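*Asks:* no sequence for this one, just the structure:
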């Protein structure tokens, strides 16, 4: 494996462009954090790495577009993944909103629908992503456009409606705080979420409203 | 040039401060301290504030060497907070605004923490970790508002610490959080507690009930109170630092500022600074004078608001228990 350059430093890992067995790939390396207690740090690093590898595999089997896992080494905290060409949904949304606005923006709506579909598939298969933000969705602008999910370090398997509701709540919050016209975008996501996850969406959305109310109505003292 | 007096009393601290264009002339405070094992209740807290507010007002004018006629505007905490203490302080602010014939400005408590932090540290556009007894939020400025990127989905971090202090019967003097911090310094054995991060959000209530249920067994296993304070701090602060870093990565921010009462915990400041160093970012923090609720921050934020949006309409000078950080139009940035 040959390291070419660092692409990004996220909250828990550094991401590099590499060549793996002659193919372009991405290396995600979780590194020791000095700020954390060593015991806690080791536990978190291993757990996140395990969750990520398992979550990616499970998503792929559920028919969600995610990077393939080429190699996982739990001792060094290294995960070698398929390289997905594209930009983050955060950049894509900002670009679309700036160039074409939110009204009648078909390509933006199509991408939002694909996001909703992916999340619907995850939840149908009882996989909770755990960190749904627009930084963790990759848009490949080809024809037809492709949407991939990344960063499964916080993912876990759960059948609980509460967990699925919180997953949507995390996404809504990330949208509202990052983008203007977030409500319209979220509407599109929910519409296709409901279509994809027809067996359980109703219950989850009910719970989602409840979680939302909990957050906003909580008395904030001092 | 504006000389502003600020009244704060949203929780158990009563604060009155005078600020002249960002320069603090006085910042006086009284804290309502309850016996070990007890938290502060709304009615008693309001009684405390009523009993001390006039002495404190006089003290803040004396320290600043000013008389009422030197004051240009009167600012007070409109919310969020506990209703009775908020109200007891707002009544006095409204009365002196009429008596002294000065404009009155209602201030959002959370915004005041952020603006005071920026003023004291010189941070320009930081990702803000706001941690106190009632609030836990990761905030960043965008499109005319302070946007909440992450927050607790149940109880606040300070509330979690306070309630743990009650569980092990720690003193509330000067504050439960301070006493936990001192105990934690002597803790050696790390006990693995639940670690709950959901994206940029955190949850603390599970940790607290986990500890409640197992406290006796943990002590039988040889964990001391010091060990538990240490483990609790290490765990919940790591959660806060991690979500703050997630928000920084998401927003592409290279500054972090910690405000609010829990923000004066030195261990939390150390951990944030270490995280910032790892990503070549700058970390800003203030000491207990400004981290803990105080009157100067209300005066400072009120002055900013006054200079850019004018005074608060009289009919809007009532208080509100629920007043979200992202409800405020930030006209001064």
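*Replies:* In hand now; what should we look at? For clarity, every value in this text was computed on a predicted model and none was experimentally measured. Numbering: from 1, shown residues only, chains lettered A, B, ... in the order given.

*Asks:* can you map out the strands along the chain?
*Replies:* Just going to use chain A. All strands of chain A, identified by DSSP state E, fall at A:2-9, A:13-20, A:23-30, A:69-73, A:78-82, A:87-88, A:127-128, A:137-140, A:146-149, A:156-157.

*Asks:* switch to chain B, please.
*Replies:* Using DSSP E, strands in chain B cover B:3-8, B:13-20, B:23-31, B:73-79, B:104-108, B:127-131, B:136-142, B:145-151, B:197-198, B:201-202, B:255-259, B:282-285.

*Asks:* ok, is the fifth one in contact with chain A or not?
*Replies:* No: Strand B:104-108 lies apart from chain A when judged by C-beta under 8 Å from any C-beta of the partner chain; the minimum separation is 10.3 Å. Just so you know, the C-beta spots here come from the backbone N, C-alpha and C atoms, and that holds for glycine as well.

*Asks:* what pairs with that strand, parallel or antiparallel?
*Replies:* strand B:73-79 (parallel) (DSSP bridges).

*Asks:* and if you look at the longest one?
*Replies:* The strands beside strand B:23-31 in its sheet (DSSP bridges) come out as strand B:13-20 (antiparallel).

*Asks:* go on, the last one?
*Replies:* Each strand that strand B:282-285 pairs with, and the sense of that pairing, follows from DSSP bridges: strand B:255-259 (parallel).

*Asks:* and the contacts of the strand it pairs with?
*Replies:* B:113-114, B:116-118, B:121, B:123-131, B:244, B:248, B:268-269, B:272, B:275-276, B:281-286, B:290-291 (C-beta atoms under 8 Å, 6 or more residues apart in numbering or on different chains).

*Asks:* what is the residue lying closest to residue A:163 once chain neighbours are set aside paired to in the beta sheet?
*Replies:* In space, and not counting its chain neighbours, residue A:163 is closest to residue A:128: 4.9 Å by C-beta to C-beta, 6 or more residues apart in numbering or on different chains. Per DSSP bridges, the residues bridged to residue A:128 are residue A:156.

*Asks:* what values do phi and psi take at the residue nearest to residue B:166 when sequence neighbours are not counted?
*Replies:* Spatial nearest neighbour of residue B:166, excluding adjacent residues (C-beta to C-beta, 6+ apart): residue B:37 at 5.2 Å. Backbone torsions for residue B:37, taken as degrees, to the nearest 10, come to phi 90, psi -10.

*Asks:* what's the spacing between residue B:37 and chain A?
*Replies:* Applying C-beta to the nearest C-beta, to the nearest Å, the value for residue B:37 to chain A is 20 Å.

*Asks:* longest helix in chain A, please.
*Replies:* If you go by DSSP state H, chain A has its longest helix at helix A:38-61.

*Asks:* which elements pack onto it?
*Replies:* The contact analysis (3 or more C-beta pairs under 8 Å, 6 or more residues apart in numbering or on different chains; DSSP states H and E) places helix A:38-61 against strand A:23-30, strand A:69-73, strand A:78-82, strand A:127-128, strand A:156-157, helix B:225-251.

*Asks:* who in the stretch 101-250 of chain B is up against chain A?
*Replies:* Near chain A, when you scan the stretch 101-250 of chain B using C-beta under 8 Å from any C-beta, you find B:109-110, B:132-135, B:140, B:142-143, B:147-151, B:153-154, B:156, B:190, B:192, B:195, B:197-201, B:234-235, B:238, B:241-243, B:245-246, B:248-250.
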